[in-house]
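Enquirer: my questions concern the predicted model and sequence given below.
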Amino acid sequence: MPVLVMKFGGTSVANLDRIRRVAKRVGVEVAKGYDVIVIVSAMSGKTNELVGWVNETSPLYDAREYDAVVSSGENVTAGLMALTLQEMDIPARSWQGWQVPVMTTAAHSQARIEDIPPANIMAKFGEGMRVAVVAGFQGVSPEGRITTLGRGGSDTTAVAFAAAFGAERCDIYTDVDGVYTTDPRICEKARKLDRIAFEEMLELASLGAKVLQTRSVELAMRFKVKLRVLSSFEEQSDEAGTLVCDEEEIMESNVVSGVAYSRDEAKMTLLSVADRPGIATVIFGALSDAGVNVDMIVQNISDEGRTDMTFSLPTDQVARAEKAMTEIRGKEINFAELVADEDVCKVSVVGIGMRSQSGVAAKMFKVLSDEGINIKVITTSEIKISVLIDRKYMELAVQALHDAFELEKAA
Ligand code: ADP
Ligand code: ASP
Ligand code: MG
């Protein structure tokens, strides 16, 4: 029988009523003749609570124990979903990541899926089971320890299962009815896209649009998974939501197709570092060893052989970064001061059309300057421009850019 993957995010399984509601949706696909793999997230708010408990217990926690704790929310929803389906007379069984097994790297808290042998679940489908409910976000390391795939990782679980089982489609059910030109929660003019190209979705996701985890888009692109985002709160047709697809499958698109933001950014500056060969490798080597994900980097013009080095990083990694810099200070490098600014955010415009059209950066900077917003750091790639600005201007910047690039209008 053809296989379908259906993923339900936290708000879609937030309580027993909602679980019943989405189980009915699963029942509709089972009735059509699909064997269904359901991937569930933890109930909304649960993972944040678990992360909070870990941080309170141990600020510079051992990531193996972090994973042991934060993966647990999905165990509850997987079991409840299987029970709900059974109550509806649909043969269903739940699996935790290690039981499948979802084999991952040992990079705890941000592990990557390496393999999902389909044999166990296929055998159960062969015996008449119709729905396999799998706890998203979790896996097992080569050492046999529980891993997690990074925040939002259930999306990646879903796409990886779709690839491993050759599913006809991977439907990501969430609390919005598709991918929008920007987050509809902060810009009321945001427009739902019927289709979006993999490359654009990849950029939007990596720049903060959390509707899909970045890695899930990468996998869908690589394994040609038919990926759709749709609402679990509305009745759905087969054409509903947003299809993430190849660029060639989209007829018209705007130069800029979306605006993304990331709230959880921080900026750190090492003041007065000796400007000599090898300095960047010492600083960024130490940060990388400490598990800090550096994003943007700027080095000032040097003055009398000394320079300032600024970089951005996720807010929750500031403590790790400070520790790493303190450890190398006075040994491998010297600097006058380490300044952290946790009140920043990143706003980005994305569009494949930028490859062939100039002037997007100039327009973006003009829009921000007209609003009196100071830009702290800039980075660009072929299809995106990102700026770091004060967090208090985040909504304003997103709305002003959405207006200026006329994203409410279709191409
Ligand atoms: P789930 O719990 O279902 O995984 P998430 O909260 O992870 O849901 O992702 C859905 C949220 O992503 C939406 O509620 C919305 O606020 C946010 N979002 C950010 N950017 C976009 C965008 N461009 N289009 C749609 N939603 C977006
Ligand atoms: N529950 C996890 C999180 O909140 C994974 C997910 O929902 O995708 O990050
Ligand atoms: Mg999510």
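Expert: Great, that's in hand. Predicted model only: the values in this text are computed from it and were never measured. Ligands and ions are numbered 1, 2, ... in the order given.
Enquirer: so where's this protein shaky on pLDDT?
Expert: Residues of the chain meeting the criterion pLDDT under 70: 236, 238.
Enquirer: one more time with 80, if that's ok
Expert: Counting by pLDDT under 80, the chain has low-confidence residues at 234-239, 251-253, 411.
Enquirer: apart from its chain neighbours, what residue comes closest to whichever residue of it sits closest to ligand 3?
Expert: The nearest approach of the chain to ligand 3 comes at Gly152, 4.1 Å away (C-beta to the ion). Using the backbone N, CA and C atoms, a C-beta is placed for each residue, glycine as well. Nearest non-adjacent residue to Gly152, counting by C-beta to C-beta, 6 or more residues apart in numbering: Gln213, 3.9 Å away.
Enquirer: may I have the phi/psi pair for the one you found?
Expert: Backbone torsions of Gln213, given as degrees, to the nearest 10, read phi -70, psi 140.
Enquirer: wait, a strand at the residue of the chain closest to ligand 3?
Expert: No: using DSSP: H, G, I helix; E, B strand; the rest coil, the assignment for Gly152 is coil, not a strand.
Enquirer: any residues of this structure in contact with ligand 2? List them.
Expert: Contact residues (C-beta under 6 Å from any ligand atom) of the chain with ligand 2: 9-10, 41-42, 47, 73, 136-137, 151-155.
Enquirer: where do the strands of the stretch 251-400 of the chain begin and end?
Expert: In the stretch 251-400 of the chain, the strands defined using DSSP state E, counting those that start in this stretch lie at 258-274, 297-299, 306-314, 337-350, 377-381, 384-390.
Enquirer: distance of the residue sitting furthest away from the middle of the chain from Ala280?
Expert: Seen from the C-alpha centroid of the chain, the residue lying at the greatest distance (C-alpha atoms, centre = their mean) is Glu304, 42.4 Å away. Distance from Glu304 to Ala280, counting by C-beta to C-beta, to the nearest Å: 19 Å.
Enquirer: with mean neighbour count and distance to Asn120 added, can I get the strands of the stretch 251-400 of the chain in TSV?
Expert: Shown next, in TSV, are these (neighbours: other C-beta atoms under 10 Å; distance: least, C-beta to C-beta, whole Å):
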stretch	mean neighbour count	distance to Asn120
strand 258-274	21	37
strand 297-299	15	45
strand 306-314	20	36
strand 337-350	20	39
strand 377-381	15	41
strand 384-390	22	41
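Enquirer: any chance of those strands in CSV, plus distance to Val69?
Expert: Conversion of these to CSV gives the following (distance: least, C-beta to C-beta, whole Å):
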stretch, distance to Val69
strand 258-274, 20
strand 297-299, 33
strand 306-314, 19
strand 337-350, 25
strand 377-381, 34
strand 384-390, 32
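Enquirer: take these and lay them out in TSV including distance to ligand 3.
Expert: Below are the strands of the stretch 251-400 of the chain laid out as TSV (distance: least, C-beta to the ion, whole Å):
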stretch	distance to ligand 3
strand 258-274	14
strand 297-299	28
strand 306-314	16
strand 337-350	19
strand 377-381	24
strand 384-390	21
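Enquirer: out of those strands, nearest to ligand 1?
Expert: strand 258-274 (5.8 Å; C-beta to the nearest ligand atom).
Enquirer: just how off-centre is that closest one within its chain?
Expert: 19 Å (C-alpha atoms, centre = their mean, to the nearest Å).
Enquirer: so what's Glu342 closest to, chain neighbours aside?
Expert: Of all residues not flanking Glu342 in the chain, Ala266 sits nearest, at 4.6 Å (C-beta to C-beta, 6+ apart).
Enquirer: my guess is the one you found meets Lys346, correct?
Expert: No: with contact defined as C-beta atoms under 8 Å, Ala266 and Lys346 do not form a contacting pair (10.4 Å).
Enquirer: contacting residues for the closest residue to ligand 2 within the stretch 51-200 of the chain?
Expert: Nearest residue of the stretch 51-200 of the chain to ligand 2: Ser154, at 3.2 Å (C-beta to the nearest ligand atom). Ser154 is in contact with Lys7, Gly9, Ile39, Val40, Ser41, Glu74, Gly136, Phe137, Gln213, counting by C-beta atoms under 8 Å, 6 or more residues apart in numbering.
Enquirer: of those residues, buried ones?
Expert: In the contacts of Ser154, burial by neighbour count holds for Lys7, Gly9, Ile39, Val40, Ser41, Glu74, Gly136, Phe137, Gln213, counting by 16 or more other C-beta atoms under 10 Å.
Enquirer: mind checking which of these land in strands?
Expert: Lys7, Ile39, Val40 (DSSP state E).
Enquirer: enumerate the residues of the stretch 101-250 of the chain near ligand 3.
Expert: Listed as neighbours of ligand 3 in the stretch 101-250 of the chain under the rule C-beta under 5 Å from the ion: Gly152.
Enquirer: please name the bridge partners of the residue lying closest to Ile297 once chain neighbours are set aside.
Expert: Nearest residue to Ile297, sequence neighbours excluded (C-beta to C-beta, 6+ apart): Phe311, at 4.8 Å. Legend: beta-bridge partners of Phe311 under DSSP bridges are Met268, Ile297.
Enquirer: distance of Glu265 relative to Ser206?
Expert: 13 Å.
Enquirer: again but with Thr157, I slipped
Expert: As for Thr157, its distance to Ser206 is 18 Å (criterion: C-beta to C-beta).
Enquirer: which of the two has more neighbours?
Expert: More crowded of Thr157 and Ser206, by other C-beta atoms under 10 Å: Thr157, with 31 against 19.
Enquirer: any idea which element the more buried one lies in?
Expert: helix 154-164 (DSSP states H and E).
Enquirer: hmm, the helix or strand that that helix is followed by in reach of ligand 1?
Expert: Remark: after helix 154-164, the chain's next helix or strand is strand 169-174, criterion DSSP H and E. Yes: using C-beta under 6 Å from any ligand atom, strand 169-174 reaches ligand 1 at Thr174.
Enquirer: so how far is strand 169-174 off the chain centroid?
Expert: Counting by C-alpha atoms, centre = their mean, strand 169-174 comes out at 15 Å from the chain centroid.
Enquirer: interface residues of this protein facing ligand 1?
Expert: 9-12, 41, 152, 174-176, 179-180, 182-185, 204, 209-211, 258.
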